[in-house]
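>>> I would like the atomic coordinates for the input below:
(chains A and B)
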Amino acid sequence: MNRAMPAYSFGKGFLTMKKTYKIDVDCANCANKMEDATKRTPGVKDATVNFMTLKMNVEFEDGQDPKSVMKDVLKNCKKVESDCEIFL
Amino acid sequence: MNKKQRKMLIRILVSAVLLIGLQFVPVSGLPRLVLYLVPYLVIGYDILRKAGQGILNRQVFDENFLMAVATVGAIAIGLFESGDYTEAVAVMLFYQVGELFQSYAVGKSRKNISALMDIRPDYANLELDGQLVRVDPDEVETGTVIVVQPGEKIPIDGVIVEGSASLNTSALTGESLPRDVKEGDEVISGCINMTGVLKIRTSKEFGESTVSKVLELVENSSSRKSRSENFISRFARYYTPAVCYSALALAILPPAVRLLFLGLTPDWYVWIYRALTFLVISCPCALVISIPLSFFAGIGGASREGILVKGSNYLETLSQTGYVIFDKTGTLTQGVFEVNAVHHNKMEEKKLLEYAALAESASSHPISKSLKRAYGEEIDRSRVSEIEEISGNGVVAKVDGRTVAAGNAKLMKRLDIPYHDCHRTGTIIHMAIDGDYAGHIVISDRLKDTSAQAIRALKSSGVSKTVMLTGDSRRVAEETASSLGIDEVYSELLPGDKVAKVEELLAQKPPKEKLAFVGDGINDAPVLSRADIGIAMGALGSDAAIEAADVVLMDDDPLKIAKAIRISRKCLRIVYENIVFAIGIKLICLVLGALGLANMWLAIFADVGVMILAVLNAIRALFVKKL
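Numbering: from 1, shown residues only, chains lettered A, B, ... in the order given. Below is the predicted model:
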């Protein structure tokens, strides 16, 4: 019954996605707050915000659409730090 | 300064002028409050807004909230008790000055450090119908011929098909001596062409070229956070709420105790003022900004010296290096084999080398290559026939109709030919022609000029033990080690044994000291990743090494290892200085504030002052030239 195999079973981690985004934020603590907010967003597996290079690395959970997740991430980040920006 | 910063500067100036002016306006009561609110709102409206948003979003304890509560509280005290509003406005003013300074300093150093790493070529020149056309290097296909003019960067790795030039490699290697290249040489992207026009056939795509790889590595480097950085972000998370609750306790408990148990007047205003002073000190900015900045500057400074560190965590581990394990070939030695001597030869030296080179002509082993190089002339393969390779022994072949045997002592024993042992260390190729011993050729690897100095430098920068691992014979290994002053040698190792040896050393080292492995990235990727810190050297062009190592030395000078360790130690020293200094000053201020010995002025000066000093100290990590 091989036909029943789901088409997406390419092995563990196949659908894990990592992306890097440019950000803008004023202070280091604000960057930490953004990191926390991003980590709390559903669909995000892990995230690091780098204040020095103004970049954000986001690892998405399997099968999530980065575009829609990032919209939520941006919303959550704006909540904790209104001056921040993520260049999607 | 960017637009935001200029705007802030104007707000600071306006508010400061108003505040000074108001000192000479003799009004009292409510009008006085209204007048003072003008500079206060000019300087602090965004803080108040953010504090409000924070409360709405249940993100209460941030620095905006603290500053808002502290200054509004101070104004309230002014209104009901002292009539002094200057303090509240000044606190907000200095807070903003500190923020502006921080934003400016960080922006500036971010720019400086990024400029150091900016080796990205913007375009590639293609020649179309005799005209040079600039194109995006991303669009250039492998195998295209590009033109690099004097003063331009080589955008893509390739081979020179026409022209010769001196290249400045300092952006990649930190080495200031120019490198001369000519037709047929391989060149790597990121070098600057200083003299002639070069035509280069690209051998890689832009994305796979050295410059792209290096940039990718550098840009991702500070995403790997060090333990110190994680400590600080955890600290900041607990510190601020802790100070807030203490402030609340300070405002309520002492007056309550005075009132209920001691029968004294509660002195509400005194204690609330002390509590507000507490809040001013509670911003963890100095720490939160200066620690990542120190690492960023340290990594930036190192990369200017041709030392790429893949993350702050590796810089931290590197600073604790106690054991340094070397691979021999290519790391301490040049990895280039040379014919050093010919002994006991009955025929002419040149003739013997000719026979050796011919017999070994089918092999691509470094040894046979060095024989060919020593012979120095074109090899006529048709003179050689019946080549028989005896694995681990050598070669027997017919050259010009004579039977030539070239190999080690085992081969001579096997052929039953008496031979002379050699007193020199190195690889010995015994030669026999038509069954008679014809002498031997000594081939050895040359030590790098700076190897001995590098070992001494490691010792003097506090490395407790140096070890050399090699697949070479014991005699060669021990002679090399003793001439360099290396503590321990393990020889005749197969590649798999090296991992086992490193694991053994990992187990026996003191737990506080870290183990670094230095290799040239060829065949030692497993060892590089097994060690606490894997250092790959001479990595230009070797993707595997860049991939597996934690620290990449762009050129192959072993002195850079000690330099890398010293850079990391300096950086970490600055980090600890900042942690101790900033937390220390804050704690002192908190105590003084609680005792009523420090007022808000002192608190805000301490806060901003500590931040400025910590940031300036952090930038020091960038200066590593003289280490």
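>>> Phi, psi for B:Arg120 please.
Here is the backbone geometry of B:Arg120 (degrees, to the nearest 10): phi -70, psi 120.
>>> how close does it sit to B:Arg446?
According to Cβ to Cβ, to the nearest Å, B:Arg120 and B:Arg446 sit 36 Å apart. C-beta here means a position set from N, CA and C on the backbone, and glycine is covered the same way.
>>> same deal with B:Ile619?
Plainly put, B:Ile619 is 42 Å away from B:Arg446 if you go by Cβ to Cβ.
>>> So for these two, which sits in the more crowded spot?
Applying other Cβ atoms under 10 Å in any protein chain shown to B:Ile619 and B:Arg446 shows that B:Ile619 carries more neighbours, namely 22 against 13.
>>> Once you drop chain neighbours, what's closest to the residue nearest to the spatial centre of chain A?
Residue closest to the mean C-alpha point of chain A, counted by Cα atoms, centre = their mean, is A:Val58 at 3.5 Å. The shortest distance from A:Val58 to any non-neighbouring residue, by Cβ to Cβ, 6 or more residues apart in numbering or on different chains, is to A:Ala47 (4.8 Å).
>>> Chain B contacts on chain A?
Proximity of chain A to chain B (Cβ under 8 Å from any Cβ of the partner chain) is limited to residues A:20, A:26-29, A:32-33, A:48, A:50-55, A:57, A:79-80, A:82-83.
>>> Off-centre distance for the biggest helix by length in chain A?
Longest helix of chain A, by residue count under DSSP state H: helix A:66-80. Averaging C-alpha positions (Cα atoms, centre = their mean, to the nearest Å) puts helix A:66-80 8 Å from its chain's average.
>>> Pull out the buried members of the residues of chain A next to chain B.
Buried members of the residues of chain A next to chain B, scored by 16 or more other Cβ atoms under 10 Å in any protein chain shown, are A:26-29, A:32-33, A:48, A:50-55, A:57, A:79-80.
>>> of all the residues you listed, which comes closest to B:Asn345?
A:Thr53 (62.4 Å; Cβ to Cβ).
>>> Now do the helices in the stretch 301-450 of chain B.
Counting by DSSP state H, counting those that start in this stretch, the stretch 301-450 of chain B has helices at residues B:312-318, B:349-359, B:366-375, B:409-414.
>>> brain fart, chain A
A:28-40, A:66-80.
>>> Tell me the confidence at B:Glu492?
B:Glu492 carries a pLDDT value of 82.
>>> who's in contact with it?
Residues counted as contacts of B:Glu492 (Cβ atoms under 8 Å, 6 or more residues apart in numbering or on different chains) are B:Thr470, B:Gly471, B:Asp472, B:Ser473, B:Arg474, B:Ala477.
>>> which secondary structure element contains the last one?
I take that to be B:Ala477. helix B:474-484 (DSSP states H and E).
>>> In three-state terms, label the residue nearest to B:Ala531 when sequence neighbours are not counted for me.
The shortest distance from B:Ala531 to any residue other than its chain neighbours is 3.6 Å, reached at B:Phe517 (Cβ to Cβ, 6+ apart). Following DSSP: H, G, I helix; E, B strand; the rest coil, we place B:Phe517 in the strand state.
>>> Phi first, then psi, for B:Glu615.
Let me fix one detail, which is that residue B:615 is Val and not Glu. Dihedral angles of B:Val615 (phi, psi; degrees, to the nearest 10) stand at phi -70, psi -40.
>>> Contacts only, for it.
Counted by Cβ under 8 Å, 6+ apart, B:Val615 has contacts B:Phe101, B:Gln102, B:Ala105, B:Val106, B:Ala286, B:Ile289, B:Ser290, B:Leu293.
>>> Could you rerun that using 7 Å?
By Cβ atoms under 7 Å, 6 or more residues apart in numbering or on different chains, B:Val615 lies in contact with B:Gln102, B:Ala105, B:Ile289, B:Ser290, B:Leu293.
>>> what does B:Ala457 give?
B:Leu559, B:Ala562.
>>> B:Val552: helix or strand, and which one exactly?
Secondary structure from DSSP H and E places B:Val552 in strand B:551-553.
>>> If you count neighbours, what's buried in that strand?
Within strand B:551-553, the residues that count as buried by 16+ other Cβ under 10 Å are B:Val551, B:Val552, B:Leu553.
>>> which non-adjacent residue is nearest B:Leu506?
Closest to B:Leu506 by Cβ to Cβ, 6+ apart is B:Leu515, at 5.6 Å.
>>> could you pull out the helices for the stretch 501-627 of chain B?
With DSSP H, counting those that start in this stretch as the criterion, the stretch 501-627 of chain B has helices spanning B:525-530, B:543-548, B:559-595, B:600-619.
>>> correction: the stretch 51-200 of chain B
Counting by DSSP H, counting those that start in this stretch, the helices of the stretch 51-200 of chain B are B:63-77, B:86-117, B:170-173.
>>> Excluding residues flanking it in the chain, which one is nearest A:Lys78?
A:Cys84 (6.6 Å).
>>> same deal with B:Arg110?
A:Met52 (6.2 Å).
>>> Next one, pLDDT for B:Ser221 please.
pLDDT, read off for B:Ser221, is 68.
>>> okay, the helices of the stretch 501-627 of chain B in JSON lines with mean pLDDT next?
Shown next, in JSON lines, are those (pLDDT from 0 to 100):
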{"stretch": "helix B:525-530", "mean pLDDT": "84"}
{"stretch": "helix B:543-548", "mean pLDDT": "72"}
{"stretch": "helix B:559-595", "mean pLDDT": "92"}
{"stretch": "helix B:600-619", "mean pLDDT": "88"}
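>>> follow-up on the earlier one: which among the contacts of B:Glu492 end up buried?
Neighbour counting with 16+ other Cβ under 10 Å marks B:Thr470, B:Gly471, B:Asp472, B:Ala477 as buried within the contacts of B:Glu492.
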